[in-house]
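>>> Sequence and computational prediction follow.
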Amino acid sequence: MKARDIVRARGHPLVQATHPTTFEVTKDETLTVTGDCIIGVAADKGAADLDPGLKALLSDDRAVLTTRLTAGGETVEVRSKGSAGLTLDHPADLVWRRSDFVSDRTVGVRSDRVAATLPREFVEALRRGEDLVVELDAKIPDGS
């Protein structure tokens, strides 16, 4: 079983990408210096807007989520897990977490990258306000 969705957002001059446990993309148009996990603003989707098939897969503990983040010619791949606790019903935010914590904004847990570990070239592209494309591919591995 597989499902896919794409979220389009953009960077912002105040992107810091220094948060040690998460990264976030939001529909909000602005960003302040306290938003150290936010890497993209003005997203065209929040968690509630994601494809229903993708949401169904992500709410399975066996799900593997591969997220490709592309901005300014730089691409970063992030691997995460799904969780039966995900509700994916936040209207504005998408959050990837290193921990197993879930909220209505969480799209992936046990992520192998967080804001602080994103390549700095990628972060610089976001600070320039480059378009951000977030490709989410989820699957349940065979034999799970």
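Yes, it's here. Numbers count the residues shown, from 1 in each chain.

>>> need the strands for this protein, in chain order.
Remark: strands assigned in the chain by DSSP state E are 2-10, 22-26, 38-40, 64-71, 74-81, 93-97, 106-108, 131-139.

>>> Now tabulate these in CSV and tack on mean pLDDT.
Formatted as CSV, the strands of the chain follow (pLDDT from 0 to 100):
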stretch, mean pLDDT
strand 2-10, 98
strand 22-26, 98
strand 38-40, 98
strand 64-71, 98
strand 74-81, 98
strand 93-97, 98
strand 106-108, 98
strand 131-139, 98
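
>>> Quick one: residues contacting residue 118.
17, 23, 39, 69, 76 (Cβ atoms under 8 Å, 6 or more residues apart in numbering). For glycine as for every other residue, the C-beta is placed from the backbone atoms N, C-alpha and C.

>>> can you rerun that using 10 Å?
Neighbouring residues of residue 118 by Cβ atoms under 10 Å, 6 or more residues apart in numbering: 15, 17-18, 23, 39, 69, 74, 76, 78, 126.

>>> and it, how far is that from residue 22?
12 Å (Cβ to Cβ, to the nearest Å).

>>> which residues do these two both contact?
What both residue 118 and residue 22 touch, as defined by Cβ under 10 Å, 6+ apart, is an empty set.

>>> on that earlier part again, which pair in the contacts of residue 118 spans the largest distance?
The span of those, defined through Cβ to Cβ, is set by 18 and 74 at 17.6 Å.

>>> So the two - more neighbours on which side?
residue 74 (17 against 12; other Cβ atoms under 10 Å).

>>> hey, what's the more buried one bridged with?
residue 71 (DSSP bridges).

>>> wait, what's in contact with it?
Taking Cβ under 10 Å, 6+ apart as the test, what residue 74 contacts is 118-126, 130.

>>> now do residue 127
Counting by Cβ under 10 Å, 6+ apart, residue 127 touches 11-17, 71-72, 120.

>>> Apply 6 Å and report the result again.
13, 15 (Cβ atoms under 6 Å, 6 or more residues apart in numbering).
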